[in-house]
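# Sequence plus predicted model, see below.
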Amino acid sequence: MGDVKVRGLQHVSSPIPEGGQGGVRRFYGEVLGLSELPVPRTLDPRKLVWFSAGEKLELHFFPGEQAPGSERHLCLEVEDLGAVRRALEDAGLEPYNVTPIPNRPRFFCRDPFGNLIEFTTIQGSYLEQT
């Protein structure tokens, strides 16, 4: 087991309904401001939508089975939680607060397809009490 060396998380894939590509582009591209990436030519760019979500991290969306109400989620670290929350509310979504973590203010929101997203800002170690 000592030979396994994980370099980091490269991407997260989330399902969307058939035909949901336009909605994904509006939410992740326009509301959250992520840059869309070209889909590899060996895959179907009519079905898949990829975004850059920070240095060396990608979000991939594909038509697939939804899991309404699931608590499984991805977390995006953002610079300004208040600005993101306002953008989500302006887009008609309902961000909500959860149990706080020291030095990691955060909230959750579901995307238009029901996928759960946590938004946070890392201010220091969560082990340090402030």
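In hand now; what should we look at?
# Tell me where the model's unsure across this structure.
By pLDDT under 70, the weakly predicted segments of the chain are 1, 129-130.
# Which residue ranges of it form strands?
Ranges of strands in the chain, per DSSP state E, are 11-16, 35-37, 49-52, 58-63, 73-77, 106-110, 116-120.
# what's the closest of those to V84?
Closest approach to V84 among the strands of the chain (C-beta to C-beta): strand 116-120, 5.4 Å. Placement of C-beta: from N, CA and C, glycine included.
# quick one: the closest one to strand 11-16, angle?
Counting by axes from the mean of the first three to the mean of the last three C-alpha atoms, to 10 degrees, strand 116-120 lies at 140 degrees to strand 11-16.
# still on that earlier bit, TSV for the strands of the chain, including distance to D3 and mean neighbour count?
Output for those, formatted as TSV (distance: least, C-beta to C-beta, whole Å; neighbours: other C-beta atoms under 10 Å):
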stretch	distance to D3	mean neighbour count
strand 11-16	23	17
strand 35-37	31	13
strand 49-52	30	20
strand 58-63	26	19
strand 73-77	29	15
strand 106-110	35	18
strand 116-120	32	18
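# Kindly state which of those is positioned closest to L93.
Across those, closest to L93 is strand 106-110 (C-beta to C-beta), at 5.4 Å.
# For the top helix by length along the chain, which helices and strands make contact with it?
The longest helix of the chain (DSSP state H) is helix 81-90. When contacts are defined as 3 or more C-beta pairs under 8 Å, 6 or more residues apart in numbering; DSSP states H and E, helix 81-90 sits against strand 106-110, strand 116-120.
# possible to save those strands as TSV with distance to L57?
Listed next are these as TSV, based on distance: least, C-beta to C-beta, whole Å:
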stretch	distance to L57
strand 106-110	18
strand 116-120	14
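# And these: which comes nearest C75?
Proximity to C75 (C-beta to C-beta) singles out strand 116-120 among the helices and strands packed on helix 81-90, at 3.9 Å.
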